[in-house]
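A.B. asks: Provided below for reference: sequence and predicted model.
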Amino acid sequence: MDNINWVDYTVLSVYSALIVGIGIFHVLKLRWLKKKGTTSSTENYFLGARDVPFWAVAASIFCSNIGSEHFIGLAGSGASSGIAVGFWEWSAGFFLLLLGWVFTPLYLRKRIFTTPEYLEKRYNVHCRSFLAVVSLLMYLLTKTSASLYAGAIILETVIGWNIWISSVALIAATGLYTVTGGLAAVVYTEVLQAVVMLIGGFSVMFIGLSEVGWWNGLKQTLPSSYFHMFRPVTDPELPWTGLIFGVPINSIWYWCIDQVIVQRVLAAKSKQHANYGTIMAGYLKITPVFLMVVPGMIAKALYGNELESNDYAYPTLVMNILPHGLLGLMLAAMLSALMSSLASVYNSSATLFTMDIYAKFRPQASHTELVVVGKVSSGLLVGTAVLWIPVIQATNDSEQIFLYVNSIIAHLVPSIAVVFLVGIFWKRGNSAGAMSTLVFGTLTGIARFSLGIFIPEESITNPILQFLVHGNFMHFAILDVFLLFGVMVVVSLATTPEFEKMEWTYWNELNEGNDVSISLEGDIEDEEYPIMLESNEENDDILVINYFNDTRLNRMAIVLSIVLVIILVGLFIWVG
């Protein structure tokens, strides 16, 4: 098929107009909320006034995760080795349930702005600053760079734009509504982007399957290994041991700790909206295997060795099978993925820098000043992303960008996962153990990743050293986590306990129950939660607020969670 024509440009123009319209609306709403003064301007800008409904929370979590590197990377891995890479997508449902049922109540009850803030409350300010800096670096090295690399492939293949022109245009467009409109603008544009991605993605899958002879035709064309998720331990890319025991390490950080995802539940209008949002997002995470991995397999079946590289599988398929109009919609879907992931990173990075770094150095800063700093830091990140383009060009030979991103994450996040898990579930964990674990884990991860780059695999003959330096990154993460748990436990037991910090554990949350006692003469601090007022027999002037009181809604959430688990287990059995 020829390049896109006026019909496709019309579809793109309509989509762009809708995005701009949503962005402008929330810029104006942000100004109105500031004048009204019902909530602080920092809450308005960074957390959408804590008034986001569950369906927007779910769509925003989904879009924040699904960037253009998923369209390129998941499809590329599907073309390279089949459906096994889909384990990341389906297993995400379990960790979204963990976020909703375990992490979210603690985060919301304590009214934190960022996940590093939790580390300060649970441990100390040094842990908070360390996590904020490491998170910002990871966003630049993985999420921003990978999204731009993938977006450049899309625009180069479909439109023929130069990488500089396409990257600068997309960064500028995304940064405009992100910097000016805050989280609310990001969340509600992501709702539209989620709809566009789902419609466009399923269109590609069904048309592609019809071209290849549907599922049976695909199975006859590709090797049988493409249709099995669990590979031998010796598999160099996706061994079953790495998937089952290694992926959860990345996933606990990504789904339960990473500011980009957690910021969405922090912005929910209630605990129940946050919980339903995470459950709904778990259902949405079933779709990427069909939206991206399967089309990558279809591209491999149709074009085989004609692909320039596996990462070109998706745009090549789109350009060859879609009619005009639908091609424009699919381009809008892929650009939606790029813009949504970049917007999420911009906003979350601004929140981390402003609340965890700037506000600590300037505690007297006003709410207005913090919002200004957030906007400026978002703009600086946009500029930094532009400067990262030469690095992207230097890594254009990457065959599987999705695995590349997860490899970097696996080297840096085990210590973060350990510190959070211990902090939430073990009362004896203390700040000395946490800081030792964070520093040791980060240094070992950087050392191992660097050695893997600079020392050729063939130069190492010792099998143990070869595993430590060039073994599968998921296996390294498993070993690293055991080592880091040991560091955390030993140092914590060897140093003074911090009993005053135990209120920040999950067990304390359970022991306290879900009630908040207030005076009738005071304000209701947790008024954003669905509440039921109950009299206190000992003191009629005290009311008890229970924000988990709606038994019907809780039962429905439990049922939906159980159904999601059953569906996920069934899918794993199907492709086992």
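C.D. replies: Cool, the structure landed. Note that the coordinates shown come from a computational prediction; the quantities given were computed from them, not determined experimentally. Residues are numbered from 1 along each chain as shown.
A.B. asks: give me the pLDDT value at the residue nearest the centre of the chain.
C.D. replies: Centroid-nearest residue in the chain: Asn65, 4.2 Å away (criterion: C-alpha atoms, centre = their mean). As predicted, Asn65 sits at a pLDDT of 81.
A.B. asks: give me every residue that touches it.
C.D. replies: For Asn65, the contacting residues are 92, 254, 261, 285, 341, by C-beta atoms under 8 Å, 6 or more residues apart in numbering. (Glycine included, C-beta is placed from N, CA and C.)
A.B. asks: surely the third one touches Gly100?
C.D. replies: Right, the one you point to is Ile261. No. Between Ile261 and Gly100 there is no contact under C-beta atoms under 8 Å: 11.4 Å.
A.B. asks: how about stretch 459-477: buried residues?
C.D. replies: Of all the residues in stretch 459-477, those buried under the rule 16 or more other C-beta atoms under 10 Å are 460, 468-477.
A.B. asks: do stretch 241-251 as well
C.D. replies: The neighbour-count check on stretch 241-251 (16+ other C-beta under 10 Å) flags 241-243, 246-251 as buried.
A.B. asks: quick one: it to chain centroid distance?
C.D. replies: Distance of stretch 241-251 from the chain centroid (C-alpha atoms, centre = their mean, to the nearest Å) equals 16 Å.
A.B. asks: and it, what's its mean pLDDT?
C.D. replies: Rounded mean pLDDT across stretch 241-251 is 88.
A.B. asks: what's the answer for stretch 72-84, then?
C.D. replies: Stretch 72-84 shows a mean pLDDT of 84.
A.B. asks: and if you look at stretch 489-503?
C.D. replies: Stretch 489-503 carries an average pLDDT of 85.
A.B. asks: then stretch 567-576?
C.D. replies: Stretch 567-576 comes out at a mean pLDDT of 87.
A.B. asks: give me the contact list for that stretch.
C.D. replies: Residues contacting stretch 567-576 (C-beta under 8 Å, 6+ apart): 83, 86, 90-91, 93-94, 227-230, 286.
A.B. asks: buried stuff in it?
C.D. replies: Buried residues in stretch 567-576, counted by 16+ other C-beta under 10 Å: 568, 571-572, 575.
A.B. asks: let me know the closest of the buried residues of stretch 241-251 to Leu443.
C.D. replies: The closest of the buried residues of stretch 241-251 to Leu443 turns out to be Ile249 (C-beta to C-beta; 17.4 Å).
A.B. asks: against which helices or strands is the host helix or strand of the closest one packed?
C.D. replies: In this structure, Ile249 sits in helix 247-256 according to DSSP states H and E. Other helices and strands packing on helix 247-256, by 3 or more C-beta pairs under 8 Å, 6 or more residues apart in numbering; DSSP states H and E, are helix 87-98, helix 259-266, helix 401-412, helix 414-425, helix 473-494.
A.B. asks: same thing but at 10 Å, please
C.D. replies: For helix 247-256, the packing partners by 3 or more C-beta pairs under 10 Å, 6 or more residues apart in numbering; DSSP states H and E come out as helix 54-65, helix 87-98, helix 259-266, helix 271-284, helix 401-412, helix 414-425, helix 473-494.
A.B. asks: what sits against the closest residue to Ala365 other than its chain neighbours?
C.D. replies: Spatial nearest neighbour of Ala365, excluding adjacent residues (C-beta to C-beta, 6 or more residues apart in numbering): Ala359 at 6.0 Å. Residues in contact with Ala359 (C-beta atoms under 10 Å, 6 or more residues apart in numbering) are 42, 113, 117, 353, 365, 369-370, 373.
A.B. asks: does Ala359 sit in a helix, a strand or a coil?
C.D. replies: helix (DSSP: H, G, I helix; E, B strand; the rest coil).
A.B. asks: next one: it from Ser431, what distance?
C.D. replies: Distance of Ala359 to Ser431, given as C-beta to C-beta, to the nearest Å: 20 Å.
A.B. asks: ok, now Met280?
C.D. replies: Applying C-beta to C-beta, the value for Met280 to Ser431 is 36 Å.
A.B. asks: ramachandran angles for Ile460?
C.D. replies: Main-chain torsions, Ile460, degrees, to the nearest 10: phi -110, psi 120.
A.B. asks: which stretch of helix or strand covers the residue lying closest to it once chain neighbours are set aside?
C.D. replies: Among residues not flanking Ile460 along the chain, Gln466 sits closest, at 4.6 Å (C-beta to C-beta, 6+ apart). Assigned by DSSP H and E, Gln466 belongs to helix 463-470.
A.B. asks: and that helix, how far from the chain's centre?
C.D. replies: 30 Å.
A.B. asks: residues contacting it, please?
C.D. replies: Under the criterion C-beta under 10 Å, 6+ apart, residues 236, 447-460, 462, 471, 475-476, 479 lie in contact with helix 463-470.
A.B. asks: list only buried entries from the residues you listed.
C.D. replies: For these, buried by 16+ other C-beta under 10 Å: 448-449, 452, 460, 471, 475-476, 479.
A.B. asks: of these, closest to Val14?
C.D. replies: Of all the buried ones among the contacts of helix 463-470, Phe449 has the smallest distance to Val14: 43.7 Å, by C-beta to C-beta.
A.B. asks: so what does whichever strand or helix holds the closest one touch, helix or strand wise?
C.D. replies: Element membership for Phe449 (DSSP H and E) is helix 431-454. Contacts defined by 3+ C-beta pairs under 10 Å, 6+ apart place helix 431-454 against helix 115-122, helix 125-138, helix 401-412, helix 414-425, helix 463-470, helix 473-494.
A.B. asks: repeat the analysis, applying 8 Å as the threshold.
C.D. replies: Contact partners of helix 431-454 among helices and strands, from 3+ C-beta pairs under 8 Å, 6+ apart: helix 125-138, helix 401-412, helix 414-425, helix 463-470, helix 473-494.
A.B. asks: that'll do, ta.
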